[in-house]
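Chemist: kindly return the folded structure for what I paste below:
(chains A and B)
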Amino acid sequence: AAKLTYSPGKFSTDETPNSFEDITTYNNFYEFGTGKEDPSTYASALTTDPWSIVIDGMVDRPGTYDLADILKDQPLEERIYRFRCVEAWSMVVPWIGFELSGLLNRVGVQPSAKYVAFETLVRPEEMIGQQSPILDWPYREGLRLDEAMHPLTILATGLYGEEMPKQNGAPIRLVVPWKYGFKSIKSIVKITLTDQQPQTTWNMLQPSEYGFYSNVNPTVDHPRWSQASERRIGAGLFAGRQDTLMFNGYEEQVAALYAGMDLKANY
Amino acid sequence: MDRINTLARRVPVNAVYAAGLLPFLWIVWLTFTNGLGPDPVKEIELRLGELGLQFLVAGLVITPLRWAGLNLIRFRRAIGLLAFFYVAMHLMAWVTLDMGLRWSEMAADLVKRWYIIIGMAGFVAMIPLAITSNNASVRRLGSATWNSLHRLTYVAALAGAIHYVVLVKAWPIEPLLYLGAVLALLAARVWRRQQKRAATPVRQPAAQ
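Modeler: Numbering: from 1, shown residues only, chains lettered A, B, ... in the order given. Down below sits the predicted model:
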């Protein structure tokens, strides 16, 4: 993959990142199948050039933006973030990306907007997982506007200094490190500013299990399994588990976003 | 069919034990050669659990095959014990490798998590079966009691299949196939019983 030019970013953890191999062969991307190895097996079929993103809703400059246009004037940074899956495993990933706020400020968010909605590409002929109705395609995700504008929230276009591998959500994906991984939607083709809380895919499928917020929270269990601890991928056969941190360890940066909110009710 | 039965009679039961342990050795081999991918713990756990379920299903297939004239009953004990072995290993993998001996978390899961409760119930149901899987126990219990006791296999297989369906996200096809197979094999027994019951009163007067 092509090398990217980037600067070392703020907010990076000093934990050791997982290997490129781990990150690119073990992940969920149901557009290519439900197995962890399916994305790396099938994602090569995806065409990522040309790529454009529709930006619409409550913005001053709506339109269909070519990827090159989206990336223009957005300085790329490396952000080494912890990544916590709702399935209770975790990794450390050296993303390359830019703050989502940079793009939103450029297109001009109108004062009435309260949420940002995202959609993934639907192209079943290239994304074989979409040939079965395991999820209600397109994959949808959303953030409250203040979450979207937070400096930790990035649009990532690469990892390990190279262009984003297709199985990890090429050419451009969201990364919200204090939320469960499924919130970090991949291969984005649509961004909508809205005043309504958007529908999100996993919430539509099982609302009691996957809330809109889905902040990493060791004290709020998934109805079917505990979220108190996690297995760090790559830690070895006998490494056991580690405690899951509130907001995935980003409590200091993001707790203020949820001041006064009942996090059990707003899971 | 007779040819297959004759052939099957020549296969020593020990060969079934040996063959049944090959998948276990394969997992051990893959573990030591880094062949299980980035998350070997989950892979070991999943493979052992699936093998347990496969042997449970195989055990349930023996009886319907006998109705069809194929007699593999000699191998049923081996298949059942292999199922127990893989389910026990699956549980061991969960306790040691996955949960890392976090006893309090496991204890909490045991009362709160349906997939853990159901899975554990399935394992517990298999313990008396493993203990009584010898000729002495058959003699001591009498074959009628022994047979009733061993209907716990139905509980174990059903629990195992439900455990798998409940623990995955969304509705992937594989766990549903196992559950479908178990339900079909249990339904076949109910159907057979009803057929027999329907047939009995007709035959009895004819015999008098």
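Chemist: for the record, mean pLDDT for stretch A:25-32?
Modeler: Averaging pLDDT along stretch A:25-32 yields 97.
Chemist: residue of chain B nearest chain A, please.
Modeler: Closest approach between chain B and chain A, counting by Cβ to the nearest Cβ: residue B:100, at 2.3 Å. Heads up, the C-betas are built off the backbone N, CA and C, glycines and all.
Chemist: got the contact list for that residue?
Modeler: By Cβ atoms under 8 Å, 6 or more residues apart in numbering or on different chains, the residues touching residue B:100 are A:238, A:239, A:240, A:241.
Chemist: and it, how close does it get to residue B:106?
Modeler: Residue B:100 is 10 Å from residue B:106, where distance means Cβ to Cβ, to the nearest Å.
Chemist: same check on residue A:13?
Modeler: Residue A:13 is 29 Å from residue B:106, by Cβ to Cβ.
Chemist: so which elements touch the helix or strand of chain B with the lowest mean pLDDT?
Modeler: Using mean pLDDT, DSSP states H and E, helix B:173-207 stands out as the lowest-scoring helix or strand of chain B, at a mean of 87. Using 3 or more Cβ pairs under 8 Å, 6 or more residues apart in numbering or on different chains; DSSP states H and E as the contact test, the elements touching helix B:173-207 are helix B:40-67, helix B:152-167.
Chemist: adding mean neighbour count and distance to residue A:98, write those helices out as CSV.
Modeler: As requested, the helices and strands packed on helix B:173-207 are arranged in CSV below (neighbours: other Cβ atoms under 10 Å in any protein chain shown; distance: least, Cβ to Cβ, whole Å):
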stretch, mean neighbour count, distance to residue A:98
helix B:40-67, 20, 33
helix B:152-167, 21, 38
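Chemist: right, so of those helices, which gets closest to residue B:190?
Modeler: When these are compared by Cβ to Cβ, helix B:152-167 sits nearest residue B:190, at 10.4 Å.
Chemist: elements contacting the closest one?
Modeler: Applying 3+ Cβ pairs under 8 Å, 6+ apart, one finds that helix B:152-167 contacts helix B:40-67, helix B:76-93, helix B:114-131, helix B:173-207.
Chemist: mind exporting that helix as CSV, just the C-alpha atoms?
Modeler: What follows is helix B:152-167, C-alpha atoms only, in CSV (Å, rounded to 0.1, in the frame of the first residue of the first chain):
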residue,chain,number,x,y,z
LEU,B,152,-29.7,-36.9,29.4
THR,B,153,-27.8,-36.9,26.1
TYR,B,154,-30.8,-35.1,24.7
VAL,B,155,-30.5,-32.4,27.3
ALA,B,156,-26.7,-32.1,26.7
ALA,B,157,-27.0,-31.8,22.9
LEU,B,158,-29.9,-29.3,23.1
ALA,B,159,-28.0,-27.3,25.7
GLY,B,160,-24.9,-27.3,23.6
ALA,B,161,-26.6,-26.1,20.5
ILE,B,162,-28.6,-23.4,22.3
HIS,B,163,-25.4,-22.3,24.1
TYR,B,164,-23.8,-21.7,20.6
VAL,B,165,-26.8,-19.8,19.2
VAL,B,166,-27.0,-17.6,22.2
LEU,B,167,-23.4,-16.5,22.4
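Chemist: same question for it, mean pLDDT?
Modeler: On average, helix B:152-167 scores 97.
Chemist: for the spatially most central residue of chain B, what are its contacts?
Modeler: Chain B has residue B:56 as the residue nearest its centroid, 1.7 Å off, counting by Cα atoms, centre = their mean. Counting by Cβ under 8 Å, 6+ apart, residue B:56 makes contact with B:83, B:87, B:153, B:156, B:157, B:160, B:182.
Chemist: out of the residues you listed, which is nearest to residue A:116?
Modeler: The closest of those to residue A:116 turns out to be residue B:160 (Cβ to Cβ; 43.3 Å).
Chemist: my read is that the closest one contacts residue B:87, right?
Modeler: Yes - contact criterion Cβ atoms under 8 Å: residue B:160 and residue B:87 qualify, at 7.1 Å.
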